[in-house]
Structures are given as C-alpha cells and as structure tokens.
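**Q** here is my input; please provide its structure:
(one chain, ligands or ions: 2)
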Amino acid sequence: MKITFIGAGNMAEAIVAGIIKQNVVEAADVCVTDINEERLDHFTEQYGVGRTTDNAAAVAQADVIVLSVKPQIFPDVWPEIERALKSDALVISIMAGIPSAKIANGKPIRVVRVMPNTPALVGEGAAGIAAGEFAVEADVEIACNLLGAVGVAVVVDEKEIDAVTALSGSGPAYVFYLLESMLEAAEQMGLEKGVSRELALSTVIGAAKLMRESGEEAAGLRAKVTSKGGTTHAAISTLEEHGVKDAVVAALKAAQTRSIELANG
Ligand SMILES: NC(=O)C1=CN([C@@H]2O[C@H](COP(=O)(O)OP(=O)(O)OC[C@H]3O[C@@H](n4cnc5c(N)ncnc54)[C@H](OP(=O)(O)O)[C@@H]3O)[C@@H](O)[C@H]2O)C=CC1
Ligand SMILES: O=C(O)[C@@H]1CCC=N1
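**A** Ligands and ions are numbered 1, 2, ... in the order given. Below you'll find the model as predicted:
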C-alpha cells in the first residue's frame, strides 16, 4: 500500500514518524509532498521516505492519499490532486473543517476524515475517524490501523468531527497552556526549572493515568485531592472566582465554531 501525504507539516510528521516506527508501513511506501524543500529534506533525513514538490505526480502512484495541508489552501491544491487520483484511491483527510462531501465534489470518491493530534508522534495520539458517503468499512479500517498504531482511534459520525476537533484535535494545546501557566507559577515561587518541569509533567501524566485506570469521574478524583480548608480548596476557589471552567467550555465551543466555519473557506 503506497501512501502519499500532501503537506509535510507538523501533523503529517507526527503520523509518518509513528507509523514508520511502529512498522505499520515501510518508509519506501511513503511519499510526502510540500512546497518547502527544507521540510522535504527533513522528512527524507529523519524517516527515509520519498519526497517531491509535485503533488499530482505523488498522487498518481498512491493507493492512499492523506490530505495534510491547511484547510485554507485545500481549494488551491485539490483540483490537480483530484485529476491525478487513481480510480481506486482512498482519500484520508486530516484537515479541520472540510466536509467529506466537499472533497468528493459530487463524485464517488472514497473519503475518510480523521482528526488526529500531535501526541501521535510519541504513540499517544487520540484520533476521531469518520467515513464519508462513499467510504466502505475496509477504508475506515485502513484509517483505524494507521492511527491506531500511533495512539487511540475512535470511529465517530462525521457530524461529530467538529466537536472531536475542539476536544482532542486542539486538546494538546489546552494542556500545554495549563502546563505553561503551572510552570510560570512555579518559577515565581522560586522552584528550579528542571525540578518543576519534572514534577508538573508527572502530575499531568499521573492524573490522566489515575482517571483512566480507576474509571472514576474527574470531579470525584478532584474531591479526593481537596482537603477541607486546605491548599487545593484555596486553588480551586481561585479558579472558580476567575470563571476558568466557563472559559474552558467557551474555548472548546469557539474551536468547534471555527471548525464549522472552515468548511466554507
Ligand atoms: N497541528 C495539529 O495539531 C493538527 C492539525 N490538523 C490538520 O492537519 C493539517 C496540517 O496542519 P499542520 O501540520 O499543523 O500544518 P503545517 O502548516 O505544519 O503543515 C502544512 C504543510 O503544507 C505545506 N504546503 C503549503 N502549500 C502546499 C502545497 N500546495 N502542496 C503541498 N504542501 C503545501 C506547508 O508549507 P508552508 O508552511 O511553507 O506553507 C506546510 O509545510 C491541517 O489541515 C490541520 O487542520 C489536524 C489535527 C491536529
Ligand atoms: O488549530 C487547528 O486548526 C488544527 C486543527 C486541530 C489542531 N490544530
């Protein structure tokens, strides 16, 4: 199975690195395209994959095409890709916002939409996978195998993809934002950088692992940390005074709205 990634950006790199490391595909069967030769050099040096700046040529020999350019440039790149597609090619789109029907463009093109996230780079990704109108079960399986090799892959309806984008596609950025804030506070409190990095990272990983392995709800686990009249209560009350929960809910809804807007360019 020959796979071509159109756009050798951050997200394509996370997937390519993961699927090669996990031996899901041979590097020789992967090709990446980009307008930026430096990105292509990077991919060739790091992962040993094929490379070209010619999207149509790369598409013409691929069984699976992964659309990994920004949604805003989809209208510019799609016409030449569509013309070059092999008749039995599967198109996997990781682009936020763009509906499968817009990609199929009135033709029976098999499209699977995938919303991955960058922790795929370290095998801890979380991806939502949705079949477009003409995709068959085997197509969804191909996407699940690719993304399942680099983390968790969950099949959803396409109408849920904008919400998945807001939750797990953009999600790592929210966690990094929280970490940035925690580390800024640690610095202000005089902790040494290396120490606070280690403690903060283990705290985030540990909390996620505890929630997964215990099966408990977040609120219950939070209650177990929060002693009456103690330090956590002081911190959470401060977060509540600042409306942090409402802000997080509003933030995810803004991401979902933006994903819906991207459908229309
Ligand atoms: N980053 C993330 O965490 C996630 C991203 N996505 C989706 O993945 C897609 C890529 O995002 P991301 O990797 O962050 O973006 P990047 O900007 O890092 O990657 C896109 C790449 O495509 C290149 N490119 C631009 N024009 C063309 C062209 N005509 N032909 C081939 N390549 C071209 C860009 O080059 P140049 O920079 O020079 O323009 C860039 O290297 C987006 O659609 C996004 O919605 C989905 C989930 C998570
Ligand atoms: O910010 C974005 O638009 C992309 C989609 C999800 C994560 N990054």
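
**Q** please enumerate the helices of the stretch 101-250 of the chain.
**A** Ranges of helices in the stretch 101-250 of the chain, per DSSP state H, counting those that start in this stretch, are 137-148, 161-164, 171-188, 193-214, 218-225, 231-241, 244-262.

**Q** switch those helices over to JSON lines; also include mean neighbour count, mean pLDDT and distance to Ala27.
**A** All C-beta spots, glycine's among them, are computed from the backbone N, C-alpha and C. What follows is the helices of the stretch 101-250 of the chain, written out as JSON lines (neighbours: other CB atoms under 10 Å; pLDDT from 0 to 100; distance: least, CB to CB, whole Å):
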{"stretch": "helix 137-148", "mean neighbour count": "18", "mean pLDDT": "97", "distance to Ala27": "14"}
{"stretch": "helix 161-164", "mean neighbour count": "24", "mean pLDDT": "98", "distance to Ala27": "29"}
{"stretch": "helix 171-188", "mean neighbour count": "14", "mean pLDDT": "98", "distance to Ala27": "26"}
{"stretch": "helix 193-214", "mean neighbour count": "12", "mean pLDDT": "98", "distance to Ala27": "30"}
{"stretch": "helix 218-225", "mean neighbour count": "11", "mean pLDDT": "98", "distance to Ala27": "40"}
{"stretch": "helix 231-241", "mean neighbour count": "11", "mean pLDDT": "98", "distance to Ala27": "46"}
{"stretch": "helix 244-262", "mean neighbour count": "14", "mean pLDDT": "98", "distance to Ala27": "32"}
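
**Q** reformat those helices as TSV; add distance to ligand 2.
**A** Below are those laid out as TSV (distance: least, CB to the nearest ligand atom, whole Å):
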stretch	distance to ligand 2
helix 137-148	14
helix 161-164	9
helix 171-188	7
helix 193-214	19
helix 218-225	22
helix 231-241	25
helix 244-262	7
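
**Q** the closest residue to ligand 2 within the stretch 151-265 of the chain: how many residues sit nearby?
**A** Nearest residue of the stretch 151-265 of the chain to ligand 2: Gly169, at 3.4 Å (CB to the nearest ligand atom). Gly169 has 25 neighbouring residues, counting by other CB atoms under 10 Å.

**Q** next, find the distance separating it from ligand 1.
**A** 4 Å (CB to the nearest ligand atom, to the nearest Å).

**Q** could you list the residues of the stretch 51-200 of the chain in contact with ligand 1?
**A** Residues of the stretch 51-200 of the chain lying near ligand 1 by CB under 6 Å from any ligand atom: 55, 68-71, 73, 77, 94-96, 115-118, 169.

**Q** separation between Asn105 and Glu160?
**A** 23 Å (CB to CB, to the nearest Å).

**Q** among those two, which residue is more densely surrounded?
**A** Remark: of Asn105 and Glu160, Glu160 carries more neighbours, 14 against 11, as counted by other CB under 10 Å.

**Q** could you check the pLDDT of the more buried one?
**A** On pLDDT, Glu160 comes in at 98.

**Q** next one: Lys21
**A** At Lys21, pLDDT is 89.

**Q** residue contacts, the nearest residue to it once chain neighbours are set aside?
**A** Nearest non-adjacent residue to Lys21, counting by CB to CB, 6 or more residues apart in numbering: Gly123, 7.6 Å away. Going by CB atoms under 8 Å, 6 or more residues apart in numbering, Gly123 touches Gly18, Lys21, Gln22, Val150, Gly151.

**Q** quick one: the nearest residue to Lys245 once chain neighbours are set aside from ligand 1, how far?
**A** Ranked by CB to CB, 6+ apart and with sequence neighbours excluded, the top spatial neighbour of Lys245 is Leu239, at 7.4 Å. According to CB to the nearest ligand atom, Leu239 and ligand 1 sit 26 Å apart.

**Q** so that it lines up with my notes, have the first residue be 166 from now on.
**A** Right, with 166 as the first residue, what we last looked at is Leu404.

**Q** quick check: Leu404 touching Asp411?
**A** No. In this structure Leu404 lies outside contact range of Asp411 using CB atoms under 8 Å: 10.6 Å.
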